[in-house]
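In: heads up, no residue letters with this:
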């Protein structure tokens with residue numbers, strides 16, 4: 001796109017202003033709206049801010065099985081983070097121990113949630129137990145010194 005310079009600019013003219021009062025023969029917007037809707041409009045109110053709608057939504061109760069699955073998934077993601085930090089030679093043992101300590105705390109919550117599941121949730125309980133076992137196994141290996149550089 002090429003922009004050309006005009007050496008003789010034209011004077012700016014102010015735009016025509018619409019009058020506030022309707023012209024003769026015209027009706028106002030409110031009258032048109034009343035005729036279209038058949039009812040007079042009610043008092044207007046500003047719309048709530050978008051953030052308020054989200055903040056005040058009622059949370060639906062989360063089923064225990066879904067909560068166990070979510071918690072187990074969070075712990076497994078934490079184990080993946082731990083594995084990535086374990087592969088990094090710059091990671092210290094204190095950092096790794098802190099990661100596993102946080103995962104162990106989440107595991108205690110997972111165990112209490114899994115114990116509250118119905119009796120027919122054997123498979124989900126087994127998955128939760130295996131997740132807890134994986135975290136505790138990694139803690140054991142770290143504390144035993146399996147990951148110390150030789």
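Out: Happy to help now that I have it. This structure is a prediction, so every number in the text was calculated from the model and none was measured.
In: Where in the chain is the helix or strand with the lowest mean pLDDT?
Out: The helix or strand of the chain with the lowest confidence, counting by mean pLDDT, DSSP states H and E, is helix 50-55 at a mean of 61.
In: could you point out which element follows it?
Out: helix 64-87 (DSSP states H and E).
In: List the contacts of that next one.
Out: 62, 91, 95-96, 99-100, 102-103, 106-107, 109-110, 113-114, 116-118, 121, 124, 127-128, 131, 134-135, 138, 147 (C-beta atoms under 8 Å, 6 or more residues apart in numbering). (Glycine included, C-beta is placed from N, CA and C.)
In: 6 Å instead?
Out: Applying C-beta atoms under 6 Å, 6 or more residues apart in numbering, the external contacts of helix 64-87 come out as 91, 99, 103, 106, 110, 113-114, 116-117, 124, 128, 131.
In: Which helix or strand contains residue 30?
Out: Going by DSSP H and E, residue 30 is in helix 29-37.
In: tell me the mean pLDDT over that helix?
Out: Across helix 29-37, the average pLDDT comes to 74.
In: buried residues in stretch 97-114?
Out: Buried positions in stretch 97-114, judged by neighbour count with 16 or more other C-beta atoms under 10 Å: 99-100, 103, 106-107, 110-111, 113-114.
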